[in-house]
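Trainee: from the sequence below, what's the structure:
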Amino acid sequence: MNIPNALTISRLAAIPVLMALLLLRFPGHDQVAAALFVVFSLTDTLDGQLARRHGSVSDLGKFLDPLADKLFVLSVLIVLVQEGLVASWVVVVIFSRELIITILRSVAASQGTVISAAPLGKTKTITQMGAVALLILQRPYPILVPLADIAVLVAVAFTLFSGLDYLLRFRYVLGMGDNSSGGHSPLRRLVRDVGTALREQRLTVSVAESCTGGLLGSAFTDQSGSSEYFRGGIVAYSDSVKRDQLGVPPGLLADHGAVSAAVAEAMADGARSRLATDLAVSITCIAGPDSDQSGKPIGLTYVGIASPAGTRSFENTMRGDRWANRRRAAEWALELLLQQVRSGGVEVKTA
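Mentor: Next up is the predicted model:
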């Protein structure tokens with residue numbers, strides 16, 4: 001038990017108190033209920049920030065946090081329906097969405113995939129909590145009724161949109177789509193364009209991957225005839241493999257960390273040298289859902305590109321879940337490589 005988990009449990013403990021405050025009748029009971037609802041709602045943001053900042057993200061927290069959010073909001077909404085303060089269909093929509101996403105997360109977990117909270121999902125939670133607070137306060141303050149109605153509509157809209165967003169991004173979990181590199185059209189299109197450009201200029205390429213774990217190399221080999229330009233790759237997930245197989249200097253890893261511009265460039269140089277290719281692409285990132293101990297943000301990504309003209313690195317921060325960040329990192333690496341080849345920034349000496 002740590003502080004973030006204690007805050008999460010406090011939301012569960014607050015449920016019967018809030019229900020009692022809404023059902024009892026004494027001066028100011030609605031105002032007290034609304035104030036407590038807002039206070040305990042804020043713990044949803046606070047517990048996640050504390051867990052990430054202090055590196056105390058736990059399996060218990062990953063399980064309890066979304067459960068507490070759903071029960072906290074739904075239990076209050078059910079009482080509000082009983083009190084005639086909100087239409088029952090609103091609760092049906094919200095409950096149905098939460099049930100579907102919970103099933104999706106359970107299926108994903110059985111397949112070894114963690115579906116973390118997405119930005120749109122967090123926005124959904126904020127709009128729901130704002131709407132609930134206004135619904136509570138509309139009873140003592142009737143002037144808030146129109147504002148509460150608008151807030152409910154906004155919350156329902158974000159509830160539906162965020163649910164569709166999860167279903168579309170993780171449809172492969174339910175067998176609707178492919179989660180392999182070749183199954184994502186942006187990645188497939190990019191690697192096809194890169195392959196065409198490399199073939200036209202008679203260039204070869206190799207890859208060095210850390211967080212993407214072979215996704216980029218798999219994208220290349222998914223293309224028929226890619227052996228003409230793709231030489232191979234090295235998946236260097238641990239620092240020891242980066243040192244031993246790619247020749248990344250231990251000093252760079254110690255001074256800059258594995259996720260850094262310097263290490264990305266060294267990885268690209270190592271792949272190009274060891275696999276004897278004209279070009280090499282490297283990827284190192286913090287894919288999530290948890291950060292490392294360096295304090296660097298989740299989604300931080302570096303791509304290195306080595307060529308006879310020199311080695312460069314590029315920095316970006318992805319904003320999705322672990323799978324989305326890994327896929328986007330591979331797509332971005334291909335975009336950068338394609339720009340490099342098409343711009344003529346590669347000078348290859350021929351005999």
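Trainee: pretty sure Ala133 contacts Leu36?
Mentor: No: using C-beta atoms under 8 Å, Ala133 and Leu36 do not qualify as a contacting pair, with a distance of 10.2 Å. Where you see a C-beta, it was placed from the backbone N, CA and C, and this is true even at glycine.
Trainee: can I see the domain layout of the protein?
Mentor: Under the assignment named as automatic domain parsing, the residue ranges that make up the domains of the chain are 3-174, 181-342.
Trainee: same list (those domains) but as CSV, adding mean neighbour count and mean pLDDT.
Mentor: Rendered in CSV, the data for the domains of the chain read as follows (neighbours: other C-beta atoms under 10 Å; pLDDT from 0 to 100):
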stretch, mean neighbour count, mean pLDDT
domain 3-174, 17, 84
domain 181-342, 20, 90
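Trainee: so Arg25: helix, strand or coil?
Mentor: Put simply, Arg25 is coil when judged by DSSP: H, G, I helix; E, B strand; the rest coil.
Trainee: for Ser75, see how far away it is.
Mentor: Look at Arg25 and Ser75: by C-beta to C-beta, to the nearest Å, they are 19 Å apart.
Trainee: same check, this time on Val281
Mentor: Counting by C-beta to C-beta, the gap from Val281 to Ser75 is 51 Å.
Trainee: one more: Ile305?
Mentor: Following C-beta to C-beta, the distance that separates Ile305 from Ser75 is 53 Å.
Trainee: likewise for Leu275?
Mentor: Per C-beta to C-beta, Leu275 is found 58 Å from Ser75.
Trainee: for Lys296, same thing?
Mentor: In this structure, Lys296 lies at 38 Å from Ser75, with C-beta to C-beta as the measure.
Trainee: do the same with Ala33
Mentor: Taking C-beta to C-beta, one finds Ala33 at 12 Å from Ser75.
Trainee: and the strands in the stretch 101-250 of the chain?
Mentor: Using DSSP state E, counting those that start in this stretch, the strands assigned to the stretch 101-250 of the chain run over residues 205-209, 230-235.
Trainee: closest one to Ala287 among these?
Mentor: Closest approach to Ala287 among the strands of the stretch 101-250 of the chain (C-beta to C-beta): strand 205-209, 11.4 Å.
Trainee: what lines up beside that closest one in the sheet?
Mentor: If you go by DSSP bridges, strand 205-209 pairs up with strand 230-235 (parallel), strand 279-285 (parallel).
Trainee: you'd agree Leu167 is up against Arg105?
Mentor: No: in terms of C-beta under 8 Å, Leu167 does not count as a neighbour of Arg105; the distance is 11.7 Å.
Trainee: which parts of the protein are helices?
Mentor: Read by DSSP state H, the chain holds these helices, from start to end of the chain: 3-23, 29-53, 59-82, 88-110, 119-137, 145-169, 185-201, 215-221, 239-246, 250-256, 261-275, 322-342.
Trainee: would you mind measuring from Ala268 to Gly28?
Mentor: Remark: distance between Ala268 and Gly28 (C-beta to C-beta) = 65 Å.
Trainee: cool, Arg231 as well?
Mentor: Here Arg231 is placed at a distance of 74 Å from Gly28 (C-beta to C-beta).
Trainee: kindly report the same for Ile100.
Mentor: Shown here: Ile100 relative to Gly28, a distance of 38 Å by C-beta to C-beta.
Trainee: repeat for Gly163
Mentor: Separation of Gly163 from Gly28 (C-beta to C-beta): 36 Å.
Trainee: for Met19, what are its contacts?
Mentor: Residues near Met19 by C-beta atoms under 8 Å, 6 or more residues apart in numbering: Ser75, Val76, Val79.
Trainee: switch to 6 Å and redo it
Mentor: For Met19, the contact set (C-beta atoms under 6 Å, 6 or more residues apart in numbering) comprises Val79.
Trainee: from Leu216, how far out is the closest residue to Thr284 other than its chain neighbours?
Mentor: Taking C-beta to C-beta, 6 or more residues apart in numbering, and ignoring the residues beside it in sequence, Thr284 has Ser210 as its nearest neighbour in space, at 4.3 Å. Distance of Ser210 to Leu216, given as C-beta to C-beta: 11 Å.
Trainee: and if you look at Arg272?
Mentor: In this view, Arg272 and Leu216 are 15 Å apart by C-beta to C-beta.
Trainee: kindly report the same for Asp193.
Mentor: Looking at Asp193 against Leu216, where the rule is C-beta to C-beta, the gap reads 14 Å.
Trainee: wait, doesn't Gly217 sit right on Val207?
Mentor: Yes: contact criterion C-beta atoms under 6 Å: Gly217 and Val207 qualify, at 5.1 Å.
Trainee: shared neighbours, these two?
Mentor: When contacts are counted by C-beta under 6 Å, 6+ apart, the set common to Gly217 and Val207 consists of Gly233.
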